[in-house]
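# sequence first, then the predicted structure, then my questions.
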Amino acid sequence: SQKIEQNSEALNIQEGKTATLTCNYTNYSPAYLQWYRQDPGRGPVFLLLIRENEKEKRKERLKVTFDTTLKQSLFHITASQPADSATYLCALDRSNDYKLSFGAGTTVTVRA
Amino acid sequence: GAGVSQSPRYKVAKRGQDVALRCDPISGHVSLFWYQQALGQGPEFLTYFQNEAQLDKSGLPSDRFFAERPEGSVSTLKIQRTQQEDSAVYLCASSFDPSGGRTDTQYFGPGTRLTVL
């Protein structure tokens, strides 16, 4: 069956360090992969989209990689700040379909 | 409006009651999605509209769930005879992309937290 797995443990890091989150998937062949941020009591907010033919994408302090051979995406937050504390969700498209399928999310806490 | 709005933000229902959850998408957005999010989980797809047409309702958990978007803008998710397992946050998202938001940003509302007692 199709499965999306994100870091099972919450991530606690010191301000200024880099947070690295993983998103692994099985039995998918996504053409696109998206990352969202969700704060408590709020809906997810889109951060980045990466296509299957793109190896890496950057936006300010965020970097996403997409390895279709390993079936994995890595999401990096560099020079992390306490304001980056949130839950980060990866979402995959399902080919020939309108849906996005989401992972369970990884909660990041950045300590000052 | 500036973003997707949902109402009510919180709803408490007694088991067996019917509830209606409203979504106001961003004006001009063609695609509209409903998701269900359980505590500690990611959003799970429920249904998808392209304008007023409901193109996919495969994620609706039972025939007690019904969604509509009669004029291609505001959408309502109705749950009949609510059960405790229906307790969750219900998220609405919209996208300008008529292909369903796969290649475009989905803009989410704040969600409605439904608690069934």
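In hand now; what should we look at?

# downstream neighbour of the helix or strand of chain A with the lowest mean pLDDT in the secondary structure list?
Ranked by mean pLDDT, DSSP states H and E, the weakest helix or strand in chain A is strand A:100-102, scoring a mean of 90. Next helix or strand after strand A:100-102 toward the C-terminus (DSSP states H and E): strand A:106-111.

# what's the pLDDT at A:Val110?
Looking at A:Val110, its pLDDT is 97.

# let me fix that: B:Pro98
Value listed for B:Pro98 in the pLDDT field: 68.

# quick check: phi and psi at the residue positioned nearest the centre of chain B.
Nearest residue to the geometric centre of chain B (CA atoms, centre = their mean): B:Trp34, 3.0 Å. Note on B:Trp34: backbone dihedrals following degrees, to the nearest 10 are phi -120, psi 140.

# that one: what's it in contact with?
B:Cys23, B:Phe45, B:Leu46, B:Thr47, B:Tyr48, B:Ala67, B:Ser75, B:Leu77, B:Tyr90, B:Leu91, B:Cys92 (CB atoms under 8 Å, 6 or more residues apart in numbering or on different chains). The C-beta positions use only the backbone N, C-alpha and C, and glycine is treated the same way.

# what sits closest to it if chain neighbours are left out?
B:Leu46 (4.2 Å; CB to CB, 6 or more residues apart in numbering or on different chains).
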